[in-house]
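**Q** based on what follows, work out the 3D shape:
(one chain, ligands or ions: 1)
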Amino acid sequence: MSVAERRHGFRTGYVAIVGRPNVGKSTLMNRLIGQKISIVSRKAQTTRHRVSGILTNENAQFVFVDTPGFQTAHRNALNRAMNRSVIHALSGVDVVLFVVECGRFSQADRAVRKLIPAGLPVIVVLNKIDRLGDKSQLLPLIDQLQAEGDFAEFVPLSAERGQGLDLLVEATEKYLPEAPPVFAADDVTDRSERFLAAEFLREKVFRQLGEELPYGIAVEIEKFEQVGDLRHIHAAIIVDKDNHKGIVIGEKGSRLKRIGGDARRELETLFGAKVFLEVWVKVKSGWADDERAVKSLGYE
Ligand code: GDP
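**A** Numbers count the residues shown, from 1 in each chain. Presented below is the predicted three-dimensional model:
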């Protein structure tokens, strides 16, 4: 522990980053933890939360908790289970960063807002300010948001350009309780490589499919083997219906290729080593409505 960490007034707390898809949550997280994603061995679980990243500065330690992805478009057992696990992940955090795109507050944002348990301080992150020609456009949005709920603060920033992050860190720090750090400064995540592979691939599937994302899609890592430095990963993208298969595969396999290629490149950066990633699409008819199948995939 450094001298700075020992001094009086150090704060440590749990922070959740929530928001509808594509508002910039992963970009923000990567910026905040300085792109320094590294794998650390799983340690005795010190908290009830799953940790997805840690930022430690001289005043505070911010422990970012995992909020599994969730959808608001369809209601089925899978989405209900995901939403429950989001709520579970949020209960007990000290502060929530609710990321929205500046200039746009939609039904999907509102649905996310509703999942945040009452009583938690919520900082609204107005991301992508670089897209606003005229910064005075922020004011009507802040007014609109003020009418939507009881928010602690509003912080406009650009996660991509790294503008305004210091203000967010300062604003967030105030909501953390005084406590010594719980992780060594260089621990960044405690998730297993297998889990991270599934998360990265799932993120690419969601991104590539966008609006076409079929109901009940999931990712399963069927095999994860390391030979020397090379990781061999076999993964399945599971769809609910036969006709969803083509959507994922794309014309002449182009979409699946992009999904696999993007995921492989990111995993190689993450692991700092070569990855052999094989992805196929599997149909598991009706599984999204089967609570047992959902549980076996680890959403709860
Ligand atoms: P998530 O789905 O909420 O995790 O969103 P991502 O972090 O994956 O970002 C979604 C898209 O928005 C990506 O194409 C990012 O490059 C882009 N993005 C994120 N932050 C900013 C920003 O500050 N400005 C602009 N212009 N684009 C951004």
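
**Q** E268 sits in which helix or strand?
**A** helix 254-271 (DSSP states H and E).

**Q** what of H244?
**A** Judged by DSSP H and E, H244 forms part of helix 242-249.

**Q** can you list contacts of that helix?
**A** 205, 209, 212, 214, 217, 237, 239, 255-256, 259, 281, 283, 285 (C-beta atoms under 8 Å, 6 or more residues apart in numbering). Any C-beta I mention is one placed from the backbone N, CA and C, and that applies to glycine too.

**Q** and with 7 Å instead?
**A** L209, E212, P214, I237, V239, R255, L256, V281, V283 (C-beta atoms under 7 Å, 6 or more residues apart in numbering).

**Q** what about the third one, distance to the ligand?
**A** Distance from P214 to the ligand, counting by C-beta to the nearest ligand atom, to the nearest Å: 18 Å.

**Q** which stretches in the protein count as strands?
**A** 11-18, 51-56, 60-65, 95-101, 122-127, 153-156, 218-227, 230-239, 275-283 (DSSP state E).

**Q** nearest to the ligand, of these?
**A** Nearest to the ligand among the strands of the chain is strand 122-127 (5.1 Å), distances taken as C-beta to the nearest ligand atom.

**Q** show me what the closest one is packed up against.
**A** strand 95-101, helix 138-148, strand 153-156, helix 165-173 (3 or more C-beta pairs under 7 Å, 6 or more residues apart in numbering; DSSP states H and E).

**Q** highest average neighbour count across these?
**A** Mean neighbour count (mean count of other C-beta atoms under 10 Å) peaks for strand 95-101 among those, with a mean of 24.

**Q** need the nearest residue in space to K282, chain neighbours excluded.
**A** A236 (4.4 Å; C-beta to C-beta, 6 or more residues apart in numbering).

**Q** contacts only, for the one you found.
**A** Per C-beta under 7 Å, 6+ apart, neighbours of A236: E220, E222, W280, K282.

**Q** make CSV out of those residues and add neighbour count, pLDDT and distance to the ligand.
**A** Output for the contacts of A236, formatted as CSV (neighbours: other C-beta atoms under 10 Å; pLDDT from 0 to 100; distance: C-beta to the nearest ligand atom, whole Å):
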residue, neighbour count, pLDDT, distance to the ligand
E220, 17, 87, 21
E222, 11, 89, 25
W280, 15, 94, 24
K282, 14, 91, 24
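
**Q** now for those, which pair is the farthest apart?
**A** E220 and W280 (10.5 Å; C-beta to C-beta).

**Q** circling back to that earlier point, least confident of the strands of the chain, on average?
**A** Among those, strand 51-56 has the lowest mean pLDDT, at a mean of 77.

**Q** partner strands of it, with direction?
**A** According to DSSP bridges, strand 51-56 has the following sheet partners: strand 60-65 (antiparallel).

**Q** that older thread, list the buried residues of the helix holding E268.
**A** R255, L256, I259, G260, D262, A263, R264, E266, L267, L270, F271 (16 or more other C-beta atoms under 10 Å).

**Q** same question for stretch 224-232.
**A** F224, R231.

**Q** any idea how far apart the tips of it sit?
**A** 6 Å (C-alpha to C-alpha, to the nearest Å).

**Q** cool, and stretch 17-26?
**A** 9 Å.

**Q** now do the buried residues in the helix holding H244.
**A** Across helix 242-249, burial judged by 16+ other C-beta under 10 Å covers H244, K245, I247, V248, I249.

**Q** tell me which parts of the stretch 151-300 of the chain are close to the ligand?
**A** Residues of the stretch 151-300 of the chain found near the ligand, taking C-beta under 6 Å from any ligand atom as the criterion, are S158, A159, E160, R161.

**Q** 8 Å instead?
**A** Within the stretch 151-300 of the chain, the residues that sit near the ligand (C-beta under 8 Å from any ligand atom) are L157, S158, A159, E160, R161, Q163, E203, F206, R207.
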